[in-house]
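J.: Task: produce atomic coordinates for the following.
(one chain, ligands or ions: 2)
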Amino acid sequence: MEVGFLGLGIMGKAMSLNLLKHGFKVTVWNRTLSKCDELVEHGASVCESPAQVIKKCKYTIAMLSDPCAALSVVFDKDGVLDQICDGKGYIDMSTVDAETSLKINEAITGKGGRFVEGPVSGSKKPAEDGQLIILAAGDKALFEESIPAFDVLGKKSFFLGQVGNGAKMKLIVNMIMGSMMNAFSEGLVLADKSGLSSDTLLDILDLGAMTNPMFKGKGPSMNKSSYPPAFPLKHQQKDMRLALALGDENAVSMPVAAAANEAFKKARSLGLGDLDFSAVIEAVKFSRE
Ligand SMILES: NC(=O)C1=CN([C@@H]2O[C@H](COP(=O)(O)OP(=O)(O)OC[C@H]3O[C@@H](n4cnc5c(N)ncnc54)[C@H](OP(=O)(O)O)[C@@H]3O)[C@@H](O)[C@H]2O)C=CC1
Ligand SMILES: O=CC(=O)O
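T.: Ligands and ions are numbered 1, 2, ... in the order given. The predicted structure follows:
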C-alpha cells in the first residue's frame, strides 16, 4: 500500500517510520522540509507540497499541530484541495475541533474526494510502538480501506460515525487527561511542601485504585523537574481550550477542566509550551511561591 504523510512532528515522524518499517511505500511532506531527511534515509520519498503528495498517492494521512495548521495544509496554495479528486482519500489524524474537521470534510468531498478524521490517543512511545488508539469517523468505506495502515499505527481503531465525532471524543479524552495531570501535579507539590517524599507518594498511588500509565510514566521525571517533550504542553492547552468550547456549546459546566486550562495557560506564559505537558507542575509550584 502506498500512502502520503503530511506533518513530521513528534507523532508524524514516529507514525510514518512505523509505516515504512511495515513495508508501506511512504511519500512525505513537512512544512520545514529538512525534517523529511531522516525519513528518506529509511526509504521514504519526498514531495515539495501537500498538493504533490495528494497527486502521487491514493491515500494521504496528515498529522498536524492544530486547527490552523490542518486548515492551512488543505486550503492554502499548493494544498490538499489543489489535487484532491474522485478516488483519493484524505485521513486527518491531527487533534482538532469538530468544526475544523467538518470544514475539511466539506471541501474534500465537494471535489469528489473522501475524508476520514482519525485523531489518536497515545503519545510518542505508543506512536513508536504502533500502540495508538484511533478515534475515526467519516467515510466508512475509506475507514475500512485504511485498516491495514491503522493496524500498523494502533492497537485498536474505533469507528465513531459522522465527521466530528472523532474530534469530540478525542477532546473529551484529553480534557480528562489534562485535568488528571493537574490534580497529580498539585498532589506531588503538596507532598513535597508538607515535608513528605513525592517518590513515596508515587509508590502509594501505584499500589492503589488510581494506578495508571500516566502517573507511572511521568511521575519519576516530574519529581526530577525533567520534561522532555512527548506531548507538548502547548498542544495539551489547545485541547483543553477546544474541549471547553465543546462544553460551552453543550452547556456542560466543567470547572475542573477550566481550572486545569488556566494552569496550562500559566505554564505557557512561563515559556514552557514546548516542553512535555507534565511541565504544568512548574505552574503549580510557581503559584505557591
Ligand atoms: N505528541 C503527542 O503525544 C500527541 C499529539 N497528538 C496530536 O497530534 C498532532 C501533532 O502533534 P505532535 O507531533 O506532537 O506536534 P509537533 O509540534 O511535534 O508537530 C507539529 C507538526 O505540525 C506542523 N505544522 C505546524 N503548523 C503548521 C502550518 N501552519 N502549516 C503546516 N504544517 C504545520 C509542523 O511542521 P514544522 O515541522 O514545519 O513545524 C509539524 O510537522 C497535534 O494535533 C497533537 O495535539 C495526539 C496524540 C499524542
Ligand atoms: O494527545 C495526547 C495523548 O497522549 O493522547
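J.: For ligand 1, what is the nearest residue in this protein?
T.: Nearest to ligand 1, among the residues of the chain, is residue 9, at 1.8 Å (CB to the nearest ligand atom). Using the backbone N, CA and C atoms, a C-beta is placed for each residue, glycine as well.
J.: residues from the stretch 1-150 of the chain in reach of ligand 1?
T.: 7-12, 30-32, 35, 63-66, 68-69, 72-73, 94-95, 120, 123-124 (CB under 6 Å from any ligand atom).
J.: try 5 Å
T.: 7, 9-11, 30-32, 64-65, 69, 72, 94-95, 123 (CB under 5 Å from any ligand atom).
J.: Just the buried residues of the residues you listed.
T.: 7, 9-11, 30, 64-65, 69, 94-95, 123 (16 or more other CB atoms under 10 Å).
J.: got CSV for the residues you listed, with pLDDT and secondary structure too?
T.: Formatted as CSV, those follow (pLDDT from 0 to 100; DSSP: H, G, I helix; E, B strand; the rest coil):
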residue, pLDDT, secondary structure
7, 98, coil
9, 98, coil
10, 98, helix
11, 98, helix
30, 98, coil
64, 98, coil
65, 98, coil
69, 98, helix
94, 98, coil
95, 98, coil
123, 94, coil
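J.: Now for those residues: which two are most distant?
T.: Longest distance between any two of these is 19.6 Å, between 30 and 123; criterion CB to CB.
J.: about what we covered before: and ligand 2, which of the buried ones among the residues of the stretch 1-150 of the chain next to ligand 1 reach it?
T.: Answer for these near ligand 2 (CB under 5 Å from any ligand atom): residue 123.
J.: Format the buried ones among the residues of the stretch 1-150 of the chain next to ligand 1 as a markdown table; extra columns: distance to residue 212.
T.: Formatted as a markdown table, these follow (distance: CB to CB, whole Å):
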| residue | distance to residue 212 |
| --- | --- |
| 7 | 28 |
| 9 | 25 |
| 10 | 21 |
| 11 | 21 |
| 30 | 33 |
| 64 | 28 |
| 65 | 26 |
| 69 | 30 |
| 94 | 25 |
| 95 | 20 |
| 123 | 13 |
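J.: Closest to ligand 2 out of the buried ones among the residues of the stretch 1-150 of the chain next to ligand 1?
T.: residue 123 (3.9 Å).
J.: My guess is the closest one contacts residue 232. True?
T.: No: judged on CB atoms under 8 Å, residue 123 makes no contact with residue 232 at a distance of 10.2 Å.
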